[in-house]
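Participant: Sharing a sequence plus its predicted fold:
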Amino acid sequence: MIAKYNLIKTEKNTKARLGTVETNYGTYETPMFMPVGTRATVKGVSPEELKDVGSGIILSNTYHLWLRPGPDLIERCGGLHSFMHWDGPILTDSGGYQVFSLAKNKKKDITEEGVHFKSHIDGQKLFLTPEKSIEIQNKLDSDIAMSFDECPPASADYEYLKNSVERTLRWAKRGKKVHSNKNQALFGIVQGGPIEDLRKFSAIETVKIGFDGYAVGGVANDDEDKEDMYKAIDYSIPYLPEDKLRYLMGVGEPRDILEGVVKGIDIFDCVIPTRIARHGQAFTRDGKINLHNAKFKEDLTPIDNECDCYTCKNYTKAYIRHLVSVEESLAGRLLSIHNIRFLIKLTEEIREAIKNDNILEYKEQFLDRYEKNNK
RNA sequence: GCGCCCUUGGUGAAGUGGUUAACACGCUAGUUUGUGGCACUAGUAUGCAAGAGUUCGAUUCUCUUAGGACGCC
């Protein structure tokens, strides 16, 4: 079967939605945060630990797995779930974003047929097309595959964005045509930058093609203004069907997740919890903290008193700061566990607030405290 | 005892008679949004062993003292 969305309710005062996703690997509630496991692993965190923090769907990456170890090997190993020992659902990104981010400031050649660019590993010439991306994702056997899209920079002008939106639509059609995995859903991606008519056009035309779910893409790129991101969501959502999952790609930070939920987004993914963990930082109810800071040298309290994760139940800031200082890999692992738990707990509370029709109060209360110390 | 060389920040060190003493590490702080696997950005010596002298001006030249390396008796 294909991953299926069920809308349970829409919050009374906003567009926030409570729902479930049924997959071959279990049924999960939305809104949901998906940890990122680019190379068939959420960096530093084992599948058992992911389960413990309440992870549902995780994200992995077509581009990276294409290069290493290769889709054929993963297929021979029984597909991505079996290969990485993760028995929950998996969404694979199409590689469209990597073309944008890896080849940033480098030579890349976007043609109608596909994208020519160079491997970040050995520099060999690569050619990725919509068909190739879908074929790889079919072999990986993820539960949700993403269409191969073009992800333009935030600074792109109207003409560029318009052409890009149209090309992404043609690529979406080509991808859908070759998609052949009967257990895999295929999602379309809405583009169009912060421009209302482009977002509207992109959303309507993508829905016309007909996908199992829809993503709002091209946000949270580089120096994109937060307001532009919120506009992009607002301009896209009204044209997406109620009965399909809505995915905001690459987001994010607690504030952006809350904003997204209120605007009608169901699922999110972001590298932030694991990346900042590897760089020594942690989410807390009172904002982000940097465990590098000398002030934690003798702090015997947990990262977050109110957190129920393994890290907070067993370790002090003093100890984690020490691990961060001496660059022990356990630091990244403990912080990743905590940071992922933090965002997942946030979505748990968001669901509760939607049930109680008080998401706006919850959001305000959360952000008041979270942002009190910064800005 | 004699000869010769050396002494620059928390560390390893570069360097010059004259604007802000290079660089690296460390330390301090910040950044990170569909992850190029541990990154990036910024700050960090009012002082060049101590004292005296030469000079318009010395960390850079001279002398004395202290500490250290090496060689010889």
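Facilitator: Yes, it's here.
Participant: going forward, measure contacts between C-alpha atoms and count neighbours the same way
Facilitator: OK.
Participant: residue ranges for the helices of the stretch 251-375 of chain A, please.
Facilitator: Using DSSP state H, counting those that start in this stretch, the helices of the stretch 251-375 of chain A run over residues A:254-262, A:272-278, A:310-314, A:317-325, A:329-355, A:359-370.
Participant: Quick check: mean pLDDT of the shortest one?
Facilitator: By that I understand helix A:310-314. Averaging pLDDT along helix A:310-314 yields 96.
Participant: For it, name the packing helices and strands.
Facilitator: helix A:329-355 (3 or more C-alpha pairs under 8 Å, 6 or more residues apart in numbering; DSSP states H and E).
Participant: what angle sits between the helix it packs on and helix A:317-325?
Facilitator: 120 degrees (axes from the mean of the first three to the mean of the last three C-alpha atoms, to 10 degrees).
Participant: Okay, now the unreliable bits of the stretch 151-300 of chain A?
Facilitator: Of all residues in the stretch 151-300 of chain A, those with pLDDT under 70 make up the ranges A:222-223.
Participant: Does A:I110 touch A:H116 like I think?
Facilitator: Yes. Counting by C-alpha atoms under 8 Å, A:I110 touches A:H116, with 6.5 Å between them.
Participant: can I see the domain layout of chain A?
Facilitator: Residue ranges for the domains of chain A, per automatic domain parsing: A:4-270, A:271-375.
Participant: near RNA strand B, which residues of the stretch 51-200 of chain A show up?
Facilitator: A:59-61, A:93-98, A:101-104, A:106, A:119-121, A:146-152, A:189 (C-alpha under 7 Å from any atom of the strand).
Participant: Let's see which of these end up in strands.
Facilitator: Those of these mapping onto strands are A:L59, A:S60, A:N61, A:D93, A:M146, A:I189, per DSSP state E.
Participant: For those residues, give me JSON lines that also has neighbour count.
Facilitator: As requested, these are exported to JSON lines (neighbours: other C-alpha atoms under 10 Å):
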{"residue": "A:L59", "neighbour count": "26"}
{"residue": "A:S60", "neighbour count": "26"}
{"residue": "A:N61", "neighbour count": "24"}
{"residue": "A:D93", "neighbour count": "25"}
{"residue": "A:M146", "neighbour count": "28"}
{"residue": "A:I189", "neighbour count": "29"}
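Participant: Report the two of these separated the most.
Facilitator: Within those, A:S60 and A:I189 form the most distant pair, 16.7 Å apart (C-alpha to C-alpha).
Participant: what about the closest residue to A:V36 other than its chain neighbours, distance to A:S336?
Facilitator: Excluding its sequence neighbours, the residue lying closest to A:V36 (C-alpha to C-alpha, 6 or more residues apart in numbering) is A:L59, at 4.8 Å. Distance, A:L59 to A:S336, by C-alpha to C-alpha, to the nearest Å: 15 Å.
Participant: how much space is there between the residue in the stretch 101-250 of chain A that RNA strand B sits nearest to and A:K200?
Facilitator: Residue nearest to RNA strand B within the stretch 101-250 of chain A: A:G250 (2.8 Å; C-alpha to the nearest atom of the strand). Using C-alpha to C-alpha, A:G250 is found at 20 Å from A:K200.
Participant: number of nearby residues for A:E48?
Facilitator: 12 (other C-alpha atoms under 10 Å).
Participant: ditto for A:N290
Facilitator: Quick note: A:N290 (other C-alpha under 10 Å) scores 17 neighbours.
Participant: and the residue sitting furthest away from the middle of chain A, what is it in contact with?
Facilitator: For chain A, the largest distance from the centre (C-alpha atoms, centre = their mean) belongs to A:E298, which lies 35.5 Å off. Contacts for A:E298 (C-alpha atoms under 8 Å, 6 or more residues apart in numbering) come out as A:K317, A:A318.
Participant: sorry, back to before: burial measure for the residue of the stretch 101-250 of chain A closest to RNA strand B, as a count.
Facilitator: If we define neighbours as other C-alpha under 10 Å, then A:G250 has 20 of them.
Participant: Distance of it relative to A:L67?
Facilitator: Separation of A:G250 from A:L67 (C-alpha to C-alpha): 22 Å.
Participant: cool, and A:A294?
Facilitator: 41 Å.
Participant: which residues touch the most centrally placed residue in chain A?
Facilitator: Chain A has A:D269 as the residue nearest its centroid, 1.7 Å off, counting by C-alpha atoms, centre = their mean. By C-alpha under 8 Å, 6+ apart, the residues touching A:D269 are A:F33, A:M34, A:P35, A:V36, A:L59, A:L248, A:M249, A:G250, A:V251, A:G252.
Participant: Cross-reference those residues with the strands and report the matches.
Facilitator: Secondary structure assignment by DSSP E places A:F33, A:M34, A:P35, A:L59, A:L248 of these in strands.
Participant: and the last one, how many neighbours does it have?
Facilitator: A:L248: 27 surrounding residues under other C-alpha under 10 Å.
Participant: ok, now which ones touch it?
Facilitator: A:A215, A:V216, A:G217, A:G260, A:I265, A:D266, A:I267, A:F268, A:D269.
Participant: Mind putting those residues into JSON lines with distance to A:R351?
Facilitator: Shown next, in JSON lines, are the contacts of A:L248 (distance: C-alpha to C-alpha, whole Å):
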{"residue": "A:A215", "distance to A:R351": "20"}
{"residue": "A:V216", "distance to A:R351": "21"}
{"residue": "A:G217", "distance to A:R351": "23"}
{"residue": "A:G260", "distance to A:R351": "13"}
{"residue": "A:I265", "distance to A:R351": "12"}
{"residue": "A:D266", "distance to A:R351": "10"}
{"residue": "A:I267", "distance to A:R351": "12"}
{"residue": "A:F268", "distance to A:R351": "14"}
{"residue": "A:D269", "distance to A:R351": "17"}
